[in-house]
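*Asks:* sharing a model prediction with you, sequence too.
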Amino acid sequence: MQNETLTFEQHLNAQSDDINMLFEVIKTETSAIASRKVPDININAKQKLVLINAIQYRDILLAQCPEISSPSDDIKRYVLAIKDTLKRCQQLNDANGSALQRAQLSMRKLRNLFEETGGKNELTYDSEGQAFGRRTLGTNIKA
């Protein structure tokens, strides 16, 4: 595989690029979550998975490089900068995960509200015991 013939510095640069791309994807995901664009959220999730797999694979390759055991001061600073970006990725990803959980909970509550406000005459159950009926929240309001 071509990745295995790269130098330590080239692997490190590629790792930095991948982590920076991951940060950009997570920032894009934040916007998609805020605007509730489900297709964009799904695309971002797939992009994140591809990048995370590439980062993990490159970690394995970097761990096999002899330079990792005695890095120069410049390399140490570069690695710290990469780790800092990765930490920001994790923090933003955690925030996105919390936002998605809150959105899912809100949708669940809204769905329950629709089912409950349909009125006893309008909410019925099928043969499996699942509730169904007209969801007419607010349609009887006269202005």
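*Replies:* Sure, I can see it. Note that the structure is a prediction, hence the values are computed from the model and not measured. Numbering: from 1, shown residues only.

*Asks:* show me where the chain has its helices.
*Replies:* 8-34, 38-63, 73-116 (DSSP state H).

*Asks:* shaky segments in the chain?
*Replies:* 1-4, 115-125, 129-143 (pLDDT under 70).

*Asks:* 80 instead, please
*Replies:* For the chain, applying pLDDT under 80 flags the ranges 1-4, 107, 110-143.

*Asks:* picking up where we left off before, deepest-packed of the helices of the chain, please.
*Replies:* Across the helices of the chain, averaging neighbours per residue (mean count of other C-beta atoms under 10 Å) puts helix 8-34 on top, at a mean of 17. C-beta coordinates here come from the backbone N, C-alpha and C atoms, glycine included.

*Asks:* same list (the helices of the chain) but as JSON lines, adding distance to Asp126.
*Replies:* Compiled in JSON lines, those are given as follows (distance: least, C-beta to C-beta, whole Å):
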{"stretch": "helix 8-34", "distance to Asp126": "34"}
{"stretch": "helix 38-63", "distance to Asp126": "27"}
{"stretch": "helix 73-116", "distance to Asp126": "13"}
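
*Asks:* what's the closest of those helices to Glu128?
*Replies:* Between Glu128 and the helices of the chain, the tightest spacing by C-beta to C-beta is seen for helix 73-116, at 15.4 Å.

*Asks:* which helices and strands does the closest one pack with?
*Replies:* With contacts defined as 3 or more C-beta pairs under 8 Å, 6 or more residues apart in numbering; DSSP states H and E, the secondary structure elements packing on helix 73-116 are helix 8-34.
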